[in-house]
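>>> Provided below are the primary sequence and the corresponding predicted coordinates.
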Amino acid sequence: MGKTLYEKILDRHLVSEERDQPSLVYIDLHLVHEVTSPQAFEGLRIQNRQVRRPDLTLATMDHSIPTRNRSLPVQDEIARKQVETLVDNCTDFGIKLYDLKSANQGIVHVIAPELGITQPGQTIVCGDSHTSTHGAFGALAFGIGTSEVEHVLATQTLKQYKSKTLAINIKGDLPRGTTAKDLILAIIGQYGHDFATGYVIEYRGDVIRNLSMEERMTVCNMSIEMGARAGLIAPDETTFDYLKGRGYAPSGSDWEAALTEWKTLHSDENAQFDLEIEFDAEKVTPQVTWGTNPGQVAGISATVPTPEELPQAQKRSAEKALQYMGLAPGTPITEIQIDKVFIGSCTNSRIEDLRKAAAIAKGRKVAERVEALVVPGSQLVKKQAEAEGLDQIFLQAGFEWREAGCSMCLGMNDDLVGPEERCASTSNRNFEGRQGKKARTHLVSPEMAAAAAIAGHFVDVRQWPAKEQEGVMV
Amino acid sequence: MQSFKKVTGVAAPLDAANIDTDAIIPKQFLKRIERTGFGQFLFYDWRYEDGKEKPDFVLNMEPFRNAPILLARKNFGCGSSREHAPWALSEFGIRVILAPSFADIFHNNCFKNGILPIVLPEDVIQFLFDQAEAQPGLKLTVDLESQTVKGHDGFEAVFEIAPYRKQLLLEGLDEIGATLRAEEKITAFEGSHKVFYPALATANSVDSNS
């Protein structure tokens, strides 16, 4: 019997297997940030242990850092201590760190791919659940807790139980005006917030093949919002084209050797998945979440659901969510007024995302009472956007233009949504309190967020005047 | 790590599905660099309003204020990988969580912190919710060795746990130490394994070059 992509990657990283035990799996790349690592380094010190492979470990600062006034010390005293601790830990253990002043600093899931460090067939971990992003390259990538961060630092391995495999076969084409974000939100909406718990997903089908690497990252990023351990997309020419020439990508004869190996990274024709589902891309519309988990989502032409009309199992969660969100059943999504807009996060902060949002914003103005923020995913993305003049488009439209970081996705810095304020956000989680205490989050694509910023409420980008979009399209 | 053998106590019913780790420990408390000090902030936005306890939150009510067992709905612990969530639960005094399902990373993190997450069928969980509402003082006994949850009126449920995880909890095992004892296997693997990127660390590991 053939093997799935997941099984192929796992097999190539098996250090040892024992009966009744999880396998010991080798880790090719360990990504580290300031929030989930200090206790792991402390653990190493207490036990007098070393970092086994600093050469396979990369650190940056993204979660708790400010997105303005970078020339000043971090104002929040506890956050400053955390950031300084990361510098000390990386210095002491010899780990590469792109710090706040580095030209390569950014969200950990943005920088590893753009530097060419994320590559097909790797095993990648990070103390962050959105590590699933890197699965877009055909790498087995997943989030871990701090105890496991310590285990990887000390041993470069992890104890792993085998996951079940889930193939999501996506048919048809994405309709005009819909995006990778709408696709993944629609899938989560149909199957639910915990549907893929215990599985590694492989996304397949023509739609996936036609997505750019950045769009694939958006899809894989949100695998965790379905509960999946990881999301995978088999590498292809799009993957190889993206990687070729990047700083850490192989070159010369190494490139040829890598390519030979990478081309074997696909599920065999006769491979068996534990579960296979079909999803029709043709019916995807621009999506807006109305609730407090990413599965509580509707199309832009829909109305806020009436809990009584939902299946019994969803009814109580929906009631609780609508109460928190301050939404009345039956309200058209397009009539929901917003106060804040956040364009950023490891889901949607890459250059293509910013180009698409800028195309919507160009020559327009953010609605009077709306505060809108654009936070590039990395300093390299920021630089590229500025070279293309996107910053000026945003600034002239009334958006703020910030330094790279996680920012308002989780509001660990001062980029917060206020109590009962409503935010159109390109991030990945609409949980209670995620963007701020009592904050109300609606997850959308970058295009939908930009359009909402200008209109002051959600609008259907499919009806956005096409002429306005031509100016900065690539 | 703290070992786990047997726990007896009341089970606090937390009646909502999909409780995420942002709710368990909100982000403003993740800036600490220590492993301790999180218990006071557990379920912060649900427990407190303007710095005062909310009287209608279950963990602010007797007899649940010191409950060692949490009774929860499906997909408990979803979202962020933050191990601060089990740290906060453990420091608050929670040793067992009973739910129909758990999110993967949280579930895994529990075993590293002496917390036993137990999956029980939906109808059994519902029975325990009903019982906690009708007779809030009733105690449960969770015994890891025999893999049982026992309660009032002959209630008994058997639960599954992977043998390795059972041993991990019973012995409070140092996993890293155990892996390092088989270090020669890792070294042997590294001898024939290749990554296709150059070493990340250099002599001057901190890059501040703008």
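Okay, I see it.
>>> Tell me how chain B divides into domains.
Here the domain assignment for chain B is B:6-162, B:174-210, based on automatic domain parsing.
>>> Look at the nearest residue to A:Ile124 once chain neighbours are set aside and give its secondary structure.
The shortest distance from A:Ile124 to any non-neighbouring residue, by Cβ to Cβ, 6 or more residues apart in numbering or on different chains, is to A:Ala141 (3.9 Å). Every C-beta, even on glycine, is put in place using the N, C-alpha and C of the backbone. Classification of A:Ala141 using DSSP: H, G, I helix; E, B strand; the rest coil returns strand.
>>> Just to check, A:Ala141 is in contact with A:Val125?
Yes: counting by Cβ atoms under 8 Å, A:Ala141 touches A:Val125, with 7.2 Å between them.
>>> Need the residues touching each of the two.
A:Thr131 (Cβ atoms under 8 Å, 6 or more residues apart in numbering or on different chains).
>>> count of residues packed around residue 189?
No chain in the question, so chain A it is. Neighbours of A:Gly189 under the rule other Cβ atoms under 10 Å in any protein chain shown: 18.
>>> You answered for a different chain; I wanted chain B.
B:Phe189, neighbours per other Cβ under 10 Å, totals 18.
>>> What segments of the stretch 151-300 of chain A are strands?
A:157-160, A:164-171, A:199-204, A:230-232, A:275-280, A:287-289, A:297-299 (DSSP state E, counting those that start in this stretch).
>>> quick one: the longest one near chain B?
No: no part of strand A:164-171 sits close enough to chain B to count as contact by Cβ under 8 Å from any Cβ of the partner chain; the gap is at least 11.2 Å.
>>> Which of the residues in that strand are classified as buried?
Using 16 or more other Cβ atoms under 10 Å in any protein chain shown as the test for burial, strand A:164-171 gives A:165-170.
>>> closest to A:Gly43 among the residues you listed?
A:Thr165 (33.0 Å; Cβ to Cβ).
>>> can you pull the pLDDT of B:Ala201?
Per-residue pLDDT puts B:Ala201 at 82.
>>> can you tell me which residues contact the closest residue to it other than its chain neighbours?
Closest residue to B:Ala201 apart from its sequence neighbours, by Cβ to Cβ, 6+ apart: A:Pro54 at 4.1 Å. Residues counted as contacts of A:Pro54 (Cβ under 8 Å, 6+ apart) are A:93-96, B:200-201, B:205.
>>> on that earlier part again, and the domains of chain B, which one averages the lowest pLDDT?
Ranked on mean pLDDT, the bottom entry among these is domain B:174-210, at a mean of 90.
>>> For it, measure first residue to last.
Start and end residues of domain B:174-210 are separated by 41 Å (Cα to Cα, to the nearest Å).
>>> Can you tell me how far A:Arg402 is from B:Val7?
48 Å (Cβ to Cβ, to the nearest Å).
>>> and if you look at A:Val304?
Per Cβ to Cβ, A:Val304 is found 43 Å from B:Val7.
>>> ok, these two, which is more surrounded?
Each of A:Val304 and B:Val7 has its neighbours counted (other Cβ under 10 Å); A:Val304 has more, 23 against 18.
>>> The buried residues of strand A:164-171 into CSV, with extra columns for pLDDT?
Listed next are the buried residues of strand A:164-171 as CSV, based on pLDDT from 0 to 100:
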residue, pLDDT
A:Thr165, 98
A:Leu166, 98
A:Ala167, 98
A:Ile168, 98
A:Asn169, 98
A:Ile170, 98
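>>> Nearest to B:Leu70 among those?
Nearest member of the buried residues of strand A:164-171 to B:Leu70, counting by Cβ to Cβ, is A:Leu166, at 29.1 Å.
>>> can you give me the helices for chain B?
Secondary structure of chain B (DSSP state H): helices at B:21-24, B:44-47, B:84-92, B:104-111, B:122-134, B:163-171, B:175-181, B:183-192.
>>> closest one to A:Asn348 among the ones you listed?
Checking these against A:Asn348 by Cβ to Cβ gives helix B:21-24 as the closest, at 19.2 Å.
>>> What is that closest one packed up against?
Applying 3 or more Cβ pairs under 8 Å, 6 or more residues apart in numbering or on different chains; DSSP states H and E, we find helix B:21-24 packed against helix B:84-92.
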